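**Q** Fold the following for me, if possible:
(chains A and B)
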Amino acid sequence: MSSIGLLHSPGRSGLSLVALGLPVLLFVIISLISPSFLSVQNLSNVNAQITALLIIALGQMIVAISGGIDLSVGSVLSLTSTLLVSVDPTLSIPTVLLVGVCVGLVNGVGVAIFTVHPLVMTLASMTFLQGLALLILPVPGGSIPGFLEALVDFSFLGLPAAFYWCLTFVLLAAFLLRATKFGMRLFAVGANAQNAARNGVNVTFYKILSYVLCSTSAVMAGMYLSARVASADATMGASFALESVTAVALGGVQLAGGVGSVPGVIAGTITLGLMTNGMNLIGVSPFVRASATGVLLLIAISLQPRKAIGA
Amino acid sequence: MSLSLSQKKGLSLPKPRDLARYIFSLPFAYVGTVLLLLFAYYTRPALLSPLLLLLIIRQAAPLGIVVLGQSLCMRVLSLDLSIGGVIVAVSYILTSGVLPFSEPVLVLICVGFGLMIGSINALLITRLRASSVIVTLAMAMILSGIVISLSQYHAPSDAPEILRYIGQKRIGVFPIALFVWLAVLIPSVIFLRISVFGRYVDAIGANPNAAWTSGIPYIWVVTIVHIMSSLFAVFSGLLLVGFVGVGSIDIGQDLALNSLAAVILGGVTFGSGKGGVIGPTVAAFMLTFSFNLLTSLGLGEPGKLMIQGGIIAVAAIVYATRQAK
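**A** This is a model prediction of the structure:
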């Protein structure tokens, strides 16, 4: 395999040795540096830490395959968290799901029907929703409905709840991409929207649907994260927009559309999670960690070849 | 919004429909500013006193300067969201005392720093063809992360004397910041109007493929635009640090998004090749004025964010539909 081949494998999965090898390499390095890394306690911590990111990254992947990007996921997560403590517990789940679908619809309609650039559209909704979340809950606090907390705090067959959350969404995403017409058409739309349209695919519909799925995944991640920390915070999700894009890009998903895979996204998310955890263990300041994520994002994005220059 | 306005004016003119079309084709910022001023006139007339207006203009100057860079970026189909990171870094270089140099040298270092960040952004965007949004967002993240972790050791403190003078003092009734703004704005307008570079920017914005095929130095134009944007961010940072009087780790954080909103309001959109410098400049004033108005109406940060997001979305949608026709 040539050096180019190592970085960019052909095919629509986008999986490359780098994408899959990076988490393994990090795993080995961190376990050599920090002996406490391999403890069951720490590994289940890593699992719990990356669950929300993984769920969002899977949603981001769907949008990315369709050729878009969604920067509003972090704000949707925050908004979900604030809504969970603000509305009546029996109505909380329907409310947040409805909000997720609405946000996705607005983003999708803006991008697919009004042809606004996805970055501009989702940046706008990101800002708007962050404001809304702060309006609903100016100071962190509140209590999450009990049944949600129970949903993230069980263990089954010796494995923690976080594992089952991950498993559910991974299987769901893999099923959607591999086994449904939706998956096939999504790749077609992302690879070449015009060709897809000429072959009878309703491009507008699939683009909108991808944004709806992405926002819904952010709602799910918001429910998980809020329940896990047992409280709400209107800025909880602020870092997720870029982190999810980083995870997706590291996993070989092409932001230009048409290329991506669930295993790649899992690998990308684990890479990011291991890096965060590893730096945590050696006692690096969280702000340096943010910088490091930025550097990683730059590297991941630079490895992706594309034609256009600009946004 | 613009319809009611045009109807009013249309009475005295023979073709109201043409006028309506004309007003609808203007950047949002012009109509918006007029409407805002009218609204303020009826609800908060105190905001329209010359003294307060001049204060608002002073407050708008840093935004007005970064908007120049952002509008250039957007005209070549790119974006610069690293502005906030650059400003935080500038404030840190100037006020932390980490670098033991005199004030003019520190300012020069800031300019050099802007050149460097702009070049790195441009390199990643043009040579590696990475998405400008991701590149510049990551850059902002890296810069503010570094500054925050460094400030645990050297906290930012007072701004240099000369910058405080420029940021806070006035000549007659006019704040010096206004003159700085004009001193950056007017040469930019003239340069973009008469230079070949300005034509290149228009050409790329109008049709990137055609520009590329016809041999316009595409990569160089985008590179220079990004370097200029970072430099404008540095100037804006200098002004802002002087204006605030002390450095901080969250100074100028809202400028990146505000500049984006201002540019869109000012009539510059992706891929239209249209849009000048004046529209975004008016929009910078309009945004700052609206934030003051919102504060005086008792709406805080959440309201500001929601309006900002709403403005960007609505303006972008309207322009996109207009373009599609």
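
**Q** which residues of the stretch 201-325 of chain B score low on pLDDT?
**A** When residues are selected by pLDDT under 70, those of the stretch 201-325 of chain B lie in B:270-275, B:323-325.

**Q** Those residues of it touching chain A, which are they?
**A** B:208, B:218-219, B:222, B:257, B:260, B:264, B:270, B:301-313, B:316-317, B:320-321, B:324 (C-beta under 8 Å from any C-beta of the partner chain). Using the backbone N, CA and C atoms, a C-beta is placed for each residue, glycine as well.

**Q** From those residues, list the buried ones, please.
**A** Buried members of these, scored by 16 or more other C-beta atoms under 10 Å in any protein chain shown, are B:208, B:218, B:222, B:257, B:260, B:264, B:270, B:302-313, B:316-317, B:320.

**Q** Out of those residues, name the ones that lie in helices.
**A** Judged by DSSP state H, these include B:208, B:218, B:222, B:257, B:260, B:264, B:302-313, B:316-317, B:320 as members of helices.

**Q** now the helices for the stretch 1-150 of chain A?
**A** Ranges of helices within the stretch 1-150 of chain A are A:3-7, A:17-33, A:40-65, A:73-86, A:89-112, A:118-136, A:146-152, based on DSSP state H, counting those that start in this stretch.

**Q** Quick check: buried residues in the fifth one?
**A** Think helix A:89-112. For helix A:89-112, burial by neighbour count (16+ other C-beta under 10 Å) applies to A:92-93, A:95-97, A:99-101, A:103-104, A:106-112.

**Q** Those also near chain B: which ones?
**A** A:106, A:110.

**Q** Report pLDDT for residue B:114.
**A** The model reports residue B:114 with a pLDDT of 93.

**Q** Residue A:261 now?
**A** The model's pLDDT for residue A:261 equals 85.

**Q** just residue B:68 next, same as before
**A** As predicted, residue B:68 sits at a pLDDT of 90.

**Q** unless I'm mixing things up, it is touching residue B:183, no?
**A** No - when contacts are counted by C-beta atoms under 8 Å, residue B:68 is not listed as touching residue B:183 (11.9 Å).

**Q** In the stretch 201-311 of chain A, mark out all the helices, start to finish.
**A** A:203-229, A:240-250, A:262-281, A:286-302.

**Q** Buried deepest among the ones you listed, which one?
**A** Across those, the average number of neighbours (mean count of other C-beta atoms under 10 Å in any protein chain shown) peaks for helix A:240-250, which reaches a mean of 29.

**Q** and that one, what does it pack onto?
**A** Counting contacts by 3 or more C-beta pairs under 8 Å, 6 or more residues apart in numbering or on different chains; DSSP states H and E, helix A:240-250 packs against helix A:40-65, helix A:73-86, helix A:262-281, helix A:286-302, helix B:132-150.

**Q** Report pLDDT for residue A:250.
**A** Note on residue A:250: pLDDT of 82.

**Q** shouldn't it be in contact with residue A:298?
**A** No - between residue A:250 and residue A:298 there is no contact under C-beta under 8 Å: 11.4 Å.

**Q** Against residue A:210, how distant is the closest residue to residue A:93 other than its chain neighbours?
**A** Sequence neighbours aside, residue A:223 is the residue nearest to residue A:93 in space, at 7.6 Å (criterion: C-beta to C-beta, 6 or more residues apart in numbering or on different chains). Relative to residue A:210, residue A:223 is positioned 21 Å away (criterion: C-beta to C-beta, to the nearest Å).

**Q** Could you do residue A:62 as well?
**A** Residue A:62 is 5 Å from residue A:210, by C-beta to C-beta.

**Q** ok now do residue B:72, which residues does it touch?
**A** Taking C-beta atoms under 8 Å, 6 or more residues apart in numbering or on different chains, we find residue B:72 in contact with B:192, B:201, B:225, B:228-229.

**Q** pull the CA atoms of stretch A:143-158 into PDB?
**A** As requested, C-alpha coordinates have been extracted for stretch A:143-158 and formatted as PDB (Å, rounded to 0.1, in the frame of the first residue of the first chain):
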ATOM      1  CA  SER A 143     -33.200  17.500  39.100                       C
ATOM      2  CA  ILE A 144     -33.500  15.000  36.300                       C
ATOM      3  CA  PRO A 145     -36.500  12.700  36.200                       C
ATOM      4  CA  GLY A 146     -35.800   9.500  38.200                       C
ATOM      5  CA  PHE A 147     -36.600   7.000  35.500                       C
ATOM      6  CA  LEU A 148     -33.900   8.600  33.300                       C
ATOM      7  CA  GLU A 149     -31.300   8.300  36.000                       C
ATOM      8  CA  ALA A 150     -32.200   4.700  36.400                       C
ATOM      9  CA  LEU A 151     -31.700   4.200  32.700                       C
ATOM     10  CA  VAL A 152     -28.100   5.200  32.800                       C
ATOM     11  CA  ASP A 153     -27.300   3.700  36.200                       C
ATOM     12  CA  PHE A 154     -28.000   0.000  35.800                       C
ATOM     13  CA  SER A 155     -25.600  -2.800  35.000                       C
ATOM     14  CA  PHE A 156     -26.400  -6.000  33.200                       C
ATOM     15  CA  LEU A 157     -24.300  -9.100  32.800                       C
ATOM     16  CA  GLY A 158     -21.500  -7.200  34.500                       C
END
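
**Q** so how far is it from its chain's centroid?
**A** Relative to its chain's centre, stretch A:143-158 lies at 22 Å (C-alpha atoms, centre = their mean, to the nearest Å).

**Q** How about stretch A:243-252?
**A** Its chain's C-alpha centre lies 8 Å from the corresponding centre of stretch A:243-252 when counted by C-alpha atoms, centre = their mean.

**Q** Same question for stretch A:111-119.
**A** Counting by C-alpha atoms, centre = their mean, stretch A:111-119 comes out at 20 Å from the chain centroid.

**Q** Quick check: mean pLDDT of it?
**A** The predicted model gives stretch A:111-119 an average pLDDT of 85.

**Q** ok, residue A:146 - how many residues close by?
**A** Residue A:146: 11 surrounding residues under other C-beta atoms under 10 Å in any protein chain shown.

**Q** Just the pLDDT for it.
**A** What the model reports as pLDDT for residue A:146 is 74.

**Q** residues in contact with it?
**A** By C-beta under 8 Å, 6+ apart, the contact set of residue A:146 is residue A:89.

**Q** how far away is it from residue A:79?
**A** 21 Å.

**Q** How about residue A:212?
**A** Computed as C-beta to C-beta, the residue A:212 to residue A:79 distance reads 15 Å.

**Q** same thing with residue B:246?
**A** 34 Å.

**Q** higher neighbour count, the two?
**A** residue A:79 (32 against 14).

**Q** Which residue, neighbours along the chain excluded, lies closest to that one?
**A** Distances taken as C-beta to C-beta, 6+ apart place residue A:133 nearest to residue A:79, at 4.4 Å, with adjacent residues excluded.

**Q** Ok, residue B:188 next?
**A** Once flanking residues are discounted, residue B:188 sits nearest to residue B:68: 5.3 Å by C-beta to C-beta, 6+ apart.

**Q** Flag every residue of the stretch 151-300 of chain A that's near chain B.
**A** Applying C-beta under 8 Å from any C-beta, we find that the stretch 151-300 of chain A lies next to chain B at A:242, A:245, A:249, A:255, A:285, A:287-295, A:297-298.

**Q** swap the cut-off to 6 Å and go again
**A** Residues of the stretch 151-300 of chain A found near chain B (C-beta under 6 Å from any C-beta of the partner chain) are A:242, A:285, A:287-288, A:290-291, A:294, A:297-298.

**Q** Can you convert those into a markdown table and add a column each for pLDDT?
**A** Compiled in a markdown table, these are given as follows (pLDDT from 0 to 100):
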| residue | pLDDT |
| --- | --- |
| A:242 | 81 |
| A:285 | 77 |
| A:287 | 79 |
| A:288 | 82 |
| A:290 | 80 |
| A:291 | 85 |
| A:294 | 84 |
| A:297 | 81 |
| A:298 | 84 |
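
**Q** just those residues now: which is nearest residue B:159?
**A** residue A:287 (22.8 Å; C-beta to C-beta).
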